[in-house]
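Student: Below are the sequence and a predicted model for it; my questions follow.
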Amino acid sequence: MKEYPVTVGVEYTERLSRLTTFFRIFMVIPHSICLYFLGIAAGVVVFISWWAILFTGRYPRWAFDFVSGYLRWSTRVMGYNGLLTDKYPPFSFD
């Protein structure tokens with residue numbers, strides 16, 4: 001099977017905290033607000049990058065770092081909200 005350029009790995013957790021599971025929907029609200037506005041910004045950056053790639057043939061490094069950081073952050077939040085982990089995601093692109 002051919003390797004994909006992006007992979008996501010999640011380890012199975014035997015037991016999850018019932019307390020954090022109960023409050024998880026509320027704990028994700030601050031992340032959701034931040035990611036909402038960053039998602040709009042990421043859309044603008046992708047649009048600008050499209051033009052840059054069209055004319056220069058290169059993806060601007062700053063745009064790549066921003067969009068990939070946004071995707072990493074949102075993936076961590078989705079994993080937490082989807083009950084895949086008990087680890088609260090950081091407010092960070094890294």
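Tutor: Arrived safely. Just so it is clear, the structure is predicted and the values come from calculations on it, not from any experiment.
Student: okay, which residue is most central for the protein?
Tutor: Closest residue to the average C-alpha location of the chain: residue 74 at 2.3 Å, with Cα atoms, centre = their mean.
Student: tell me the contacts of it?
Tutor: Contacts for residue 74 were tallied using Cβ atoms under 8 Å, 6 or more residues apart in numbering; they are 35, 39. Glycine gets a C-beta too; all of them are placed from N, C-alpha and C.
Student: Export the helix or strand encompassing it to PDB, keeping only CA atoms.
Tutor: Using DSSP states H and E, residue 74 maps to helix 61-81. Taking Å, rounded to 0.1, in the frame of the first residue of the first chain, the C-alpha atoms of helix 61-81 are listed here in PDB:
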ATOM      1  CA  ARG A  61       6.100  28.800   3.600                       C
ATOM      2  CA  TRP A  62       4.200  31.100   5.900                       C
ATOM      3  CA  ALA A  63       0.900  30.000   4.400                       C
ATOM      4  CA  PHE A  64       1.800  26.300   4.600                       C
ATOM      5  CA  ASP A  65       2.800  26.700   8.300                       C
ATOM      6  CA  PHE A  66      -0.400  28.500   9.100                       C
ATOM      7  CA  VAL A  67      -2.800  26.100   7.300                       C
ATOM      8  CA  SER A  68      -1.000  23.000   8.600                       C
ATOM      9  CA  GLY A  69      -1.000  24.400  12.100                       C
ATOM     10  CA  TYR A  70      -4.700  25.100  11.900                       C
ATOM     11  CA  LEU A  71      -5.400  21.600  10.700                       C
ATOM     12  CA  ARG A  72      -3.300  20.000  13.500                       C
ATOM     13  CA  TRP A  73      -5.100  22.100  16.100                       C
ATOM     14  CA  SER A  74      -8.600  21.300  14.800                       C
ATOM     15  CA  THR A  75      -7.700  17.600  14.500                       C
ATOM     16  CA  ARG A  76      -6.700  17.500  18.200                       C
ATOM     17  CA  VAL A  77      -9.900  19.200  19.200                       C
ATOM     18  CA  MET A  78     -12.000  16.800  17.100                       C
ATOM     19  CA  GLY A  79     -10.200  13.900  18.700                       C
ATOM     20  CA  TYR A  80     -10.900  15.200  22.100                       C
ATOM     21  CA  ASN A  81     -14.500  16.000  21.400                       C
END
